[in-house]
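>>> Requesting a structural model of the entry that follows:
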Amino acid sequence: MIKTVSNIWKVEDLRKRILFTLFILLVYRIGSFIPVPGVNKDVFTATNQAGSELFGLLNTFSGGALFQFSIFAIGIMPYITSSIIVQLLSMDVIPKFAEWAKEGENGKRKLAQITRYGTIVLGLVQGFGTAIGFNRQYQYDMIPGATFTDYIMIAIILTAGTAFLMWLGEQITERGIGNGISILIFAGIVAAIPGHIRSIYTQEFVDASNLFLNVFKVVLILVAVIAIIVGVIFVQQGIRKIPVQYAKRVVGRKMYGGQSTHIPLKVNGAGVIPVIFAVSLLMFPVTIANFWSTQAWATWVQTHMYYDKPLGMVLYVILIIAFTFFYTFVQINPVQMADQMKKNGGYIPGIRPGKPTSSYITRVMSRITLSGAIFLSIISILPVLFGSLAGLPRDVQLGGTSLLIVIGVALDTMKQIETQLIKRHYKGFINK
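Here you go, the predicted structure:
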């Protein structure tokens, strides 16, 4: 491990990328503690848990910035929601978007610009709703004498914070290491871990009525966390190899092809993106309901749409499964893959080239993707049930989602570093 880290620092480009990423994360953490002007932070010191019923998950993703009500309070969620909407609209819903999606890099830049505009709009909506929701929850003491203008100003500040985070994420993707948005979410979750440990320690040891039983409970929690980590790594690394044979071709005086290879299809090809998408969409209606919190329908949404309620849990699972299929088939197009194989003289043994090949790949992908989607759902839901049964603090009942994102992002980032090291013939984390 020490030798691997030493090898990383020997590569100048990789060293600069890692240092740049760490610098961006430092800026992100500093911004998480800069309060929004005009907000009375003293009301948060009495009990941060008052807001966790509704905003606990968003607070974890923002690294505690939401309960600090800093300029990064709403985090990067508006960008994620905007990305979901743009990707869905690109699936032949809006012809122009679908056309841009097929134009390559030029089209991607246009869609990225639309995503940025959508982020600003959604950020204003979510910032306005968050300001009103928190102020009402704290009996209007958070923003004393708040007017409509005050709410608009706070919404603009929070949206500016989200826009800045979006820019930081793009800088990490372009000049750093890993996927920028995922790295920011990763950093927010990791930053919240000490607070979770402190909450468990306070409840299970400091305020404990039965110390022996609580020690046993904490040991079970640690075992469950380790089991989740092992399971996530096992599934994330799992692949299904589809054998491919290339026919021999004579071009001029040279012979090409005649080799055997395989198509590696990951069991969970979408990674942690479906979980992030599902969380973002599930929390958006609850945020909107804050505008009309006194209305009966808004109260119903806030009561039943949260992820640890029966209806919210079912919707959470459905969204995870749906986005797993959606994102996997967006990344891998079986028809294009079959056409490319046919043009290059490749075929799957026992399967005819063309449409039968695409149908076969689609069938295999559907089966393994369903397995990956069910696994993601189980890992996301079981810790919520386990935490409820164990009576853990509310803000700690997020282990499955958090662990999925942390482990998934860590594995993806490690693979990128591994690739950079292999290019330069250095041993990485996995090679011996």
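>>> What segments of the stretch 201-350 of the chain are helices?
211-237, 273-289, 296-304, 310-331, 334-343 (DSSP state H, counting those that start in this stretch).
>>> Let's have those helices in JSON lines, adding mean pLDDT and mean neighbour count.
To be clear about C-beta, it is placed using only N, CA and C from the backbone, and glycine gets the same treatment. Formatted as JSON lines, those follow (pLDDT from 0 to 100; neighbours: other CB atoms under 10 Å):
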{"stretch": "helix 211-237", "mean pLDDT": "78", "mean neighbour count": "14"}
{"stretch": "helix 273-289", "mean pLDDT": "76", "mean neighbour count": "22"}
{"stretch": "helix 296-304", "mean pLDDT": "78", "mean neighbour count": "14"}
{"stretch": "helix 310-331", "mean pLDDT": "85", "mean neighbour count": "18"}
{"stretch": "helix 334-343", "mean pLDDT": "83", "mean neighbour count": "16"}
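>>> can you tell me how far the spatially closest residue to residue 168 that is not a sequence neighbour sits from residue 8?
Spatially, and ignoring its direct neighbours in sequence, residue 168 is nearest to residue 24 (5.2 Å; CB to CB, 6 or more residues apart in numbering). Residue 24 is 18 Å from residue 8, where distance means CB to CB, to the nearest Å.
>>> what about the two, which has more around it?
Neighbour count, other CB atoms under 10 Å: between residue 24 and residue 8, residue 24 has more, with 22 against 19.
>>> which helices and strands sit right next to the helix or strand that the more buried one is a member of?
If you go by DSSP states H and E, residue 24 is part of helix 12-31. Helices and strands touching helix 12-31, by 3 or more CB pairs under 8 Å, 6 or more residues apart in numbering; DSSP states H and E, are helix 2-10, helix 148-175, helix 180-201, helix 399-423.
>>> before we move on, back to that, among the helices of the stretch 201-350 of the chain, which comes closest to residue 403?
Closest to residue 403 of the helices of the stretch 201-350 of the chain, according to CB to CB: helix 211-237, at 5.3 Å.
>>> thinking again about what came up before, mind putting the helices of the stretch 201-350 of the chain into a markdown table with distance to residue 72?
Formatted as a markdown table, these follow (distance: least, CB to CB, whole Å):
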| stretch | distance to residue 72 |
| --- | --- |
| helix 211-237 | 27 |
| helix 273-289 | 16 |
| helix 296-304 | 24 |
| helix 310-331 | 25 |
| helix 334-343 | 39 |
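>>> Relative to residue 187, which of these is closest?
Closest of the helices of the stretch 201-350 of the chain to residue 187 is helix 273-289, at 13.9 Å (criterion: CB to CB).
>>> Give the other helices and strands that that closest one contacts.
Applying 3+ CB pairs under 8 Å, 6+ apart, we find helix 273-289 packed against helix 52-61, helix 77-89, helix 105-137, helix 296-304, helix 310-331, helix 355-390, helix 399-423.
>>> Distance from the chain centre to that helix, please.
In this view, helix 273-289 has its centroid 11 Å away from the chain centroid, taken as CA atoms, centre = their mean, to the nearest Å.
>>> So for residue 410, what's the pLDDT?
pLDDT recorded at residue 410 is 83.
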